[in-house]
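In: sequence and predicted structure are below.
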Amino acid sequence: MKQMKREKLTVEILEKLQFEIKIMAQVEHENIVKFYGASWDTPPNVCIILEYMAGGTLTEYLEMVRKEQEIRGWRG
């Protein structure tokens, strides 16, 4: 679970987050993590519920691929 620090939640960030939630709610594709829902209250407590994906985060996966490419001597 990821949480944002409340002191960093500006009106602009909350508006962008709300826009992102609206987009996620409209997108369905077999290659995109499923969006189940979101909860939002005051003071800003935001919870976004997404499909569980085994194997770690996208960041972790990309880092693993980068390291494998370095071992093989591939440069992109």
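Out: Looks like it came in fine. Numbers count the residues shown, from 1 in each chain.
In: how about the helices in this structure?
Out: Along the chain, counting by DSSP state H, helices occupy 11-26, 58-72.
In: need the ones you listed in JSON lines (columns: distance to Leu50, mean pLDDT and mean neighbour count).
Out: Placement of C-beta: from N, CA and C, glycine included. Below are those laid out as JSON lines (distance: least, C-beta to C-beta, whole Å; pLDDT from 0 to 100; neighbours: other C-beta atoms under 10 Å):
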{"stretch": "helix 11-26", "distance to Leu50": "8", "mean pLDDT": "91", "mean neighbour count": "12"}
{"stretch": "helix 58-72", "distance to Leu50": "12", "mean pLDDT": "90", "mean neighbour count": "10"}
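In: kindly reformat those as JSON lines containing distance to Val46.
Out: What follows is the helices of the chain, written out as JSON lines (distance: least, C-beta to C-beta, whole Å):
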{"stretch": "helix 11-26", "distance to Val46": "6"}
{"stretch": "helix 58-72", "distance to Val46": "20"}
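In: among these, which is nearest Lys5?
Out: For Lys5, the closest of the helices of the chain is helix 11-26, at 10.7 Å, according to C-beta to C-beta.
In: who are the packing partners of that closest one?
Out: With contacts defined as 3 or more C-beta pairs under 8 Å, 6 or more residues apart in numbering; DSSP states H and E, helix 11-26 has these neighbours: strand 35-41, strand 45-50.
In: Arg72 is nearest to which of those strands?
Out: Nearest to Arg72, of those and by C-beta to C-beta, is strand 45-50 at 32.3 Å.
In: now find how far off-centre the closest one is within its chain.
Out: Per C-alpha atoms, centre = their mean, to the nearest Å, the displacement of strand 45-50 from the mean C-alpha position of its chain is 10 Å.
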